[in-house]
Each structure stands twice: as structure tokens, then as C-alpha cells.
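Undergrad: predicted model and sequence below, questions to follow.
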2 protein chains.
Amino acid sequence: MDSMKGVLKGDKVIFGGEAVAELYNAQYYGRLKGETLELALVEAAYLLDRERISVDQEGRSLSFRDFFIAASQAQEYFELKYIVYRDLRERGYYVQPSVTDFRVYPRGGKPNVAPSKYFVHVVTERKPMPLQQLISNLQAALNVRKEMVLAIVDEESDITYYGVKFNVLKGGMEPVQLTPVPGSATFLQDRVVIWDTEVSTRLHQDGFYGNPMDDRRLQLSLVEAAYLIMRGKLEVTDYEGRIMTPDDFTAKALQIESSFVGKLKTYTDLRDKGLVAKTGFKFGSDFRVYEKIETIEKIPHSKYLVGYVENDHVYQMQDLSRSIRLANSVRKDMVFAFDRSGIQYFSLGRIKL
Amino acid sequence: MDSMKGVLKGDKVIFGGEAVAELYNAQYYGRLKGETLELALVEAAYLLDRERISVDQEGRSLSFRDFFIAASQAQEYFELKYIVYRDLRERGYYVQPSVTDFRVYPRGGKPNVAPSKYFVHVVTERKPMPLQQLISNLQAALNVRKEMVLAIVDEESDITYYGVKFNVLKGGMEPVQLTPVPGSATFLQDRVVIWDTEVSTRLHQDGFYGNPMDDRRLQLSLVEAAYLIMRGKLEVTDYEGRIMTPDDFTAKALQIESSFVGKLKTYTDLRDKGLVAKTGFKFGSDFRVYEKIETIEKIPHSKYLVGYVENDHVYQMQDLSRSIRLANSVRKDMVFAFDRSGIQYFSLGRIKL
């Protein structure tokens, strides 16, 4: 059987009606345009490599090499798209080029029979991604009930697939019952120490707040202390013995940590939802988060790593890869928190498509 | 036995000669100043908490709480230093306050008997650390044959100890023997494709260069292609078919990746030393590095993750923590490369002191 002949025109390869039956009807390549069939460049490269088609340009038949070079000049990120397209096709997925790079059908699913399942975005590791772009892509996928997938192609053309989804976090902790004890805690240079043994014990045992300095005193982080002051559970004094209002506290904390406001918002949201948030420093993120801690004698593994990002945040792909890999290596979900009329969460996790 | 009484003066607590025998001779607390013994604030706080001493200020005896608040006002990062000092002392180390925060004696070693082993720097997770500071501290420790240790105290007062050391990297690969084949490779949008099957096979099998696009063609990363051009092993042409010089190539690569020059320097140094460097994207670093690859049928685990840092780089502690934790979780050493009259390397690894 001779291979079918198409013509390269811009970023499409055009076939006559004879290709419709074999390429389109049987295997869902291309899109119908009147009597003709249009293949995207990645589809054509894939079929050309398999010698299923031939491609002409200005009356000359193109080798794979010539076609690949021409396609690379005609379409931005053609090489990346080809690498991802081929990977998905070779693993048995039906893939349709679309505005979000690719619509991918579920395993066993076909165009015109089942709806597509994934919106796949092809991304080079070198191109930073603004938070706002990521969120609007995620929203767009959800609006039409698709799952959003990032296919990040690294410098050596390996692909990593990340699934992106919004998260609803919810925990099982009850608020600690406590009346503030005057003069029980002091804001030192960059942390708060609770001197009162009963307050220390209560906060630590019932709410897993702070870290014991010894068997009598408790050290609180800035967000913990700020939250407890706001919720009327703790009185903190400064070096001069003055009681600090939530505003006093925030003003001083901001001098120490420029991202304090966003972190406190996230912390507050997590605690108010019954979760326990502790520092995630050892995992390189803002918080590690537990759904519930029954007793401090038996602390479970934390379930999430949560990082707060400002609305103008731009992800570097290498940083993102490191965060997700680390979270997954300790069996936690990597969750990012951002503030859009309240704290919202989304997670990224490596998936095997 | 009554506790000994000292007097708080500035950032010291001063004792009379009666303290010398018990505190200094027997247990190496403090430093002799003529007839008196001077304790650093952390030493005094430690002994006060154990009721081994009492401390007066203006004729009034201070509680631990009052002393702690006074010390926190008198010395920058007192709380952090105290947390680290206590941790080391409680685990049986002799610790002497010094310009680098603490000199720490080896397990079983004592001042005046054995030399100290570690220079410990106490660092808050919130304070970024310039590369130059880290390097000069490391050099200072090495000059007097000490090991450098960073004790990073997180927001909840947990301590992570990192050992820092210079590295000499050396691998066992021989250079690939290859004569450039004209027109065998093209610089596409952001990667190089080798079309020639023999060149592809040779580079991949003998040097573990590139990533096969299929069984005939090889994709090279930018640094791989640049290195091979520089070393006279590869000819790369642009879209117009012109042969690219090393300078042409670097100029185009720089448009794609702003950190290309430093990365290429590092890559070149690693390859010239017989190591195999491949992208470290999946681990969130510039390179993963193998000492030797005997055959591509049996690729060993890479040994190092290497990140190139510019000379004006400033480490964020959270990023540093994430990098090291991830490297250690996959049993690799986290190595940083910087350029000081040639590429030099140092590594940071978590240690259990």
C-alpha cells in the first residue's frame, strides 16, 4: 500500500478526501475541513516517521528530517509538542490537538464515542509559569469537566506529567478551650515563649501548638502566637510588659518575616478548618499539615505540605519539580495556597498517565 | 550545696574565684578573666535552668524567665543560640562560645585536652545566607582544621545540622572518540537533534550523551551540544544550514537560557574530569552526576546533584533545606558549584551530631 500524500501548508498538512477513511474515521487523526483532512504538524510528523504518509512542500517530497526542521520553524514549541504527542500516542491514548495543546481521551476511550478526559499543557522546563495562568487554565479545564495535566519536558526531552487540581482541606480538631492568663507569654526577638506551665501544657497537648523548650515552657512560632491572640486564647507581652494587640503583634512579626501576612492568613484558614499546621521547614515548605492529632504521644504523619504563594507569584519549573518530588518522596501532597477572596488551595502531583 | 552567685553585666555573667574550680576546671564553663570567671549568656542560662547558679542584676536575683528576657535583649539571636547550645550540651558535647557561635569538641573530647572539632554557626531559617559568606566561613574553618557545621533553627525551634565541606569530584569516563560528521545535527528551537544514526549511537552509548528521540536520532541538551562542539566532536548547523561556531551556539543558547554560561562552565568541568552530567530537572537541580557509566544497558544511580550558583547568590534557608532533603532522600550528595578562578564544589549534607 502506498502511503497517502499530504501537502505542508503553514502549520497544517492537508490531505484529499481519500485520507478521511483511513486516517480520520479509523484512527481519529486530523480534522475535517470540507472535502479535505487537516493534520496538525505533530500528527503529520508522527505518521511520517511511521511511513504512513508522505508530505510534499512545493512539489518536493520531504524527508522526516526536512519536515521536522520546517515544522520547528512553523510552530512555537513544535519539538516539545511532538515529544509529548508521540509519548501519549505510543502508550495507546487518543490525542487531539486543541487550544490547550492536547485533549486526551481516557484509556480505551475514543473521539466521537467518549468525551476527552484530560487537558494536557505542554511546558518546557525553562519557561516560568505565573500562578494566575496556572489557575485560569485549571478553572478552564474544570468548567468543561476535564482534568488538567502539565506535561513538563526537560532539557533532555524527558517528560514529567503533573495532575493539577483544587483541594478542599478539612480537619478534625476541636478548638482548644482556654482563657488567657495575664503575663503568661513574652514576644522575644523572633519567637514567643510561654512561661506558664499550665498554659504551655494545655496548648501543646490539646492543640499541638508550639514546641516545648523544656518540661515547663513552650516556644510558639509567630503564626501560632498571632492566631492564638486573635482567637482570644493567649495574652502576649512585649519586652516592656505591655499587652500586645493583634495589630501590634502583626506589625512586629512583619519586621521579622516579610511574608508574614500571607502565611498567617493560610495558617488561620487551616486552623479554623480543624487542621493542625506546623512548620514545614524540614521539607522546604511553609507548613506541614495534619488532619487530626488525637494525642501528642502518637503523632501521625502529616498529610500535606502547604506553601503560600502571592498572587503575582511565578513558578520556576525547577523549583516546582523539587517541591513536588520531595513531597511525594515523603508521601505527602504538595499543596499551594493563594488568596482569592479567601484562601484557596490546589495541589500538583506526579501522575503516570 | 548553695548555688554559686554571678552578676549579669552586659552580655556576660561574672563570677568570683570560687566558681573557677567547680564550673571551669571541672566542667569547662566560662573563660578566666584574671581572678574572675566570665560566663556567656547561653552558659549562664543553661546553668540557671539547672539551678546550678543564681544570677543577680542590680542587687536583685533573677528568675530564669527574667534572665532569659534580659539576655534576649542583650544579645542578638540569644534564643537561637540557647536552643542550640542546650541541645549540644544535653547530648554530651563540650561547647565553647566563640566568634563562629560555638566551637564543639568531639564526642569524648574536652577543652584543654583535645582540640575542638567543629565550628558551629547558628542560623535562623528566616535569614538568607550569601554564598560568599558561606564560602569564607568554610575557608576559615578549614584553615584551622575544623569541620564547618550549620545549625539551622526553624520557626518552631527545631534544629537541623548540616555539615559543609569542599568536594573534589572525579570520574572514570574516557572522552568519546569521534570525528565530526558534516550536517549531522541541527539546532532547532531550544534543543539539538542529531539525524545521523551512527553519530547518535556513538555519542549515546560511549558517552551517555543525549536522549534518543527514536532508534535513529538523538536529542542533545544545550550544554551537551555546546560541549561537543567546543571539544571538536560535533558539527551543528542552524535552520539555514550554516555551521555554528562555539560562539554562535553560546549566543543563541543564552537567548533561551539566561544561566547558560555558568551551567556550561560547570558541565564542561564535570565532563573534563571524567564525570557524566545529565539534567537534574526531576530532582529540581541543574545536574545529576554519575562517576562512571560502563554501559547504557546498566546505568547506575547518579551520585551527586549539582547546582550552579552565581557568585552573588543568596541562599534562602527554606530552598536550601528542600534541596538537601531531596538529595538525601534519593541518597545523593547535594553539591553546589561556583566559579572562583575555575569551578569549585562544596556540599551540604544533614548530619547527626
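TA: Nice, I can see it.
Undergrad: from here on, just use CA atoms for contacts and neighbour counts.
TA: OK.
Undergrad: tell me the phi and psi of A:Val193?
TA: For A:Val193, the backbone dihedrals (degrees, to the nearest 10) come out as phi -110, psi 130.
Undergrad: my bad, should have said A:Val306
TA: The phi/psi pair for A:Val306 (degrees, to the nearest 10) is phi -120, psi 130.
Undergrad: now for it, how many residues are close by?
TA: A count of nearby residues for A:Val306, using other CA atoms under 10 Å in any protein chain shown, gives 29.
Undergrad: A:Arg288 is in contact with that one, correct?
TA: Yes. Counting by CA atoms under 8 Å, A:Val306 touches A:Arg288, with 6.2 Å between them.
Undergrad: shared neighbours of those two, anything?
TA: A:Gly280 (CA atoms under 8 Å, 6 or more residues apart in numbering or on different chains).
Undergrad: who are the contact partners of the residue in the stretch 151-300 of chain A that chain B sits nearest to?
TA: Distance from chain B to each residue of the stretch 151-300 of chain A (CA to the nearest CA) is smallest for A:Gly284, at 4.1 Å. With contact taken as CA under 8 Å, 6+ apart, A:Gly284 is in contact with A:323, B:318-323.
Undergrad: and A:Arg86, what element?
TA: Using DSSP states H and E, A:Arg86 sits in helix A:78-90.
Undergrad: got the residues of the stretch 101-250 of chain A near chain B?
TA: Contact residues, the stretch 101-250 of chain A versus chain B (CA under 8 Å from any CA of the partner chain): A:125-126, A:154-157, A:160, A:188-189, A:191, A:195, A:210-211, A:213, A:219-222, A:239.
Undergrad: what mean pLDDT would you report for stretch A:322-331?
TA: For stretch A:322-331, the mean pLDDT works out to 94.
Undergrad: how about stretch A:51-60?
TA: 96.
Undergrad: kindly report the same for stretch A:146-160.
TA: 95.
Undergrad: residue ranges for the strands of the stretch 201-350 of chain A, please.
TA: For the stretch 201-350 of chain A, applying DSSP state E, counting those that start in this stretch gives strands covering A:211-212, A:218-220, A:236-237, A:276-280, A:285-290, A:304-308, A:314-315, A:333-339, A:343-350.
Undergrad: can you check which of those gets nearest to A:Tyr85?
TA: Closest approach to A:Tyr85 among these (CA to CA): strand A:343-350, 18.2 Å.
Undergrad: against which helices or strands is the closest one packed?
TA: Other helices and strands packing on strand A:343-350, by 3 or more CA pairs under 8 Å, 6 or more residues apart in numbering or on different chains; DSSP states H and E, are strand A:159-167, helix A:260-272, helix A:317-329, strand A:333-339.
Undergrad: what sits against the residue nearest to A:Asp101 when sequence neighbours are not counted?
TA: Nearest in space to A:Asp101, with sequence neighbours left out and distances taken as CA to CA, 6 or more residues apart in numbering or on different chains, is A:His121 at 5.5 Å. Applying CA under 8 Å, 6+ apart, we find A:His121 in contact with A:100-102, A:148-151.
Undergrad: can you turn the buried subset of those residues into a selection I can paste into ChimeraX?
TA: Listed next is the ChimeraX selection for buried residues among the contacts of A:His121, using 16 or more other CA atoms under 10 Å in any protein chain shown:
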select /A:101,102,148,149,150,151
